[in-house]
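>>> Next one to model:
(one chain, ligands or ions: 1)
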Amino acid sequence: MAERFYERAYCPGDETAVMEVELECFADAWPLSFFISETIAEGRFHRLLIEAATERVAAYLLSAWQYLDLHVLNLGVRKEFRRKGLARRLMRRAEEEMLRQGGESIILEVRESNQPARRLYLGLGFEEIGCRAGYYGDGENAVVMQKHSEKWVSDAETW
Ligand SMILES: CC(C)(COP(=O)(O)OP(=O)(O)OC[C@H]1O[C@@H](n2cnc3c(N)ncnc32)[C@H](O)[C@@H]1OP(=O)(O)O)[C@@H](O)C(=O)NCCC(=O)NCCS
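Numbering: from 1, shown residues only. Next up, the predicted model:
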């Protein structure tokens, strides 16, 4: 049976569709100009999950290399497609890419209050390694989470 969602790269022309999902996900959405510039930025790993039947963007992950760390910039899933494992699937793709490129870790910031996302990352083996006080525009703190490549290798057997 054909898969309901397929994965592909984020390309020029996708920015409006991704922005639509971003607006559904975040009260403090990044501006469209960010999504346009990210389609051509260097040192990135950006992936989309597309609903095959409709060709709509169901979920997206934007990440950028910072030396040997792959930094997750943004991750969002349309409300109607949540709790179907799409975010986990995109994060695992990012982890695979990080390993393939010889990276050392995946790192990200998440709002302290964002329990769904924190549970997602903890479930994938990320650790909470610190806090950035007042990181977000409204003053909320960010929890910094990281997963090292050797941890991923030991987890792989349980996939
Ligand atoms: C957080 C978010 C990306 C999760 O996407 P998702 O596709 O629904 O997540 P998944 O289905 O892959 O869930 C994987 C695991 O994460 C945890 N999780 C996800 N959503 C959860 C929720 N609402 N409550 C509790 N745990 C949750 C669970 O452990 C889940 O595993 P399970 O379904 O087997 O119990 C999604 O809710 C979203 O887009 N939120 C708004 C944007 C956002 O917060 N992005 C992250 C910024 S750091």
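>>> CA atoms for contacts and neighbours, from now on please.
Noted.
>>> Now do the longest strand anywhere in the chain: everything it contacts.
Secondary structure of the chain per DSSP state E: the longest strand is strand 56-66. Strand 56-66 is contacted from outside by 5, 17-18, 21, 43-51, 70-78, 81, 86-87, 90-91, 94, using C-alpha atoms under 8 Å, 6 or more residues apart in numbering.
>>> With stretch 32-49 instead?
5-12, 15-16, 18-19, 57-65, 86, 90, 94, 97.
>>> in it, what's buried?
35, 36, 38, 39, 44, 45, 46, 47, 48, 49 (16 or more other C-alpha atoms under 10 Å).
>>> Can it be said to contact the ligand?
No: for stretch 32-49, no contact with the ligand is found by C-alpha under 6 Å from any ligand atom; the gap never falls below 10.4 Å.
>>> same deal with stretch 120-133?
Yes: under the criterion of C-alpha under 6 Å from any ligand atom, the ligand is reached by stretch 120-133 at 120, 123.
>>> Please identify which helix or strand holds residue 20.
For residue 20, the host element (DSSP states H and E) is helix 15-25.
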